[in-house]
Each structure stands twice: as structure tokens, then as C-alpha cells.
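Participant: just need the structure, nothing else, for what follows:
(one chain, ligands or ions: 1)
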Amino acid sequence: MGIIGLGNRGPSHLDTFRYIEGVEITALCDVEPERAVAARKRLDGTQHNPRVYSGSPEAWRELCHQENLDLVVITTPYPMHATMAVYAMEQGKTRGE
Ligand SMILES: NC(=O)c1ccc[n+]([C@@H]2O[C@H](COP(=O)([O-])OP(=O)(O)OC[C@H]3O[C@@H](n4cnc5c(N)ncnc54)[C@H](O)[C@@H]3O)[C@@H](O)[C@H]2O)c1
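Facilitator: Presented below is the predicted three-dimensional model:
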């Protein structure tokens, strides 16, 4: 799974998902590079090795195209949720199989 938006809620969800058996965190994205890097660092020394997307307000679209990704958690500001969710679902990121 991957997470878009690594402000307050994103890292909190990251710290939950990282301990769930069978879940692999494969992608992280925040428009602010330092937030993306800080979230990645939380996973240092774990079995998770996510690809990091950042540096552009549209970088999240690249995340949605990543192949080893079944599920996207969106923790950006509310007005972005519909656009991001629909795009993610259009790329098949709706469930793990
Ligand atoms: N903080 C809470 O306790 C809380 C509780 C319930 C719901 N929520 C909701 O959760 C969502 C996230 O809240 P938060 O407190 O973490 O907000 P936040 O502002 O701390 O984090 C949002 C993150 O999204 C990033 N972002 C903005 N535009 C982006 C883009 N185009 N691509 C990638 N990343 C982008 C920001 O850089 C930021 O790091 C909001 O919709 C909020 O209303 C928050």
C-alpha cells in the first residue's frame, strides 16, 4: 500500500499499517520533500522499502501508476480527496488481491 499526504494523519497511519501482518508499504508521497523523507526515515530498519514521490503537486499521479501497489491511503487536505481517489481507482488501486 501507499500513502499520499504525510503531514499529521499520514505518518500516524504509516505507524499503524507498518505493523499489520501481510501489509507492505511500497510508496509514499508528499508535495513537501522533507515530509516525504521524514516519513521514509520512520521505516529505516524495517522490512518496508517504499518508493518516495515528491517535489511536484502532481507527483502523486506517478505513485498511482506504481505496479506493486494495490491500495492508496489519501491524507491530503479534503478538497483533493475526490480527484486523488478517482484517479487512484482508475489505475486499479482499490484493493489488495
Ligand atoms: N489531523 C487530524 O486529527 C485529522 C482528523 C480527522 C481527519 N483529518 C483529515 O485528514 C486530512 C489530513 O489532515 P492532516 O491534519 O494530516 O493535514 P496536514 O496539512 O498536516 O497534512 C496534509 C499533507 O498533504 C500534503 N499535500 C498537500 N498537497 C499535496 C499534493 N498535491 N500531493 C501530495 N501531498 C500533498 C501536505 O504537504 C501535507 O503534508 C485532512 O483532510 C483532514 O481534514 C485530520
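Participant: show me where the protein has its strands.
Facilitator: 2-4, 27-29, 51-53, 72-74 (DSSP state E).
Participant: in this structure, which residue sits nearest the ligand?
Facilitator: Here the chain gets closest to the ligand at one residue, G7, 2.0 Å apart by C-beta to the nearest ligand atom. All C-beta spots, glycine's among them, are computed from the backbone N, C-alpha and C.
Participant: read off the pLDDT value for that residue.
Facilitator: Turning to G7, the model gives it a pLDDT of 97.
Participant: residues contacting it?
Facilitator: Each residue near G7 by C-beta atoms under 8 Å, 6 or more residues apart in numbering is listed here: D30, R35, T75.
Participant: switch those residues over to JSON lines; also include neighbour count and pLDDT.
Facilitator: Shown next, in JSON lines, are those (neighbours: other C-beta atoms under 10 Å; pLDDT from 0 to 100):
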{"residue": "D30", "neighbour count": "26", "pLDDT": "98"}
{"residue": "R35", "neighbour count": "18", "pLDDT": "98"}
{"residue": "T75", "neighbour count": "18", "pLDDT": "96"}
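Participant: wait, isn't I4 in contact with P77?
Facilitator: No - between I4 and P77 there is no contact under C-beta atoms under 8 Å: 11.1 Å.
Participant: mind checking which of the two has more residues around it?
Facilitator: I4 (26 against 9; other C-beta atoms under 10 Å).
Participant: so which residues on this protein come close to the ligand?
Facilitator: Residues of the chain lying near the ligand by C-beta under 6 Å from any ligand atom: 4-10, 29-32, 35, 57, 60, 75-78.
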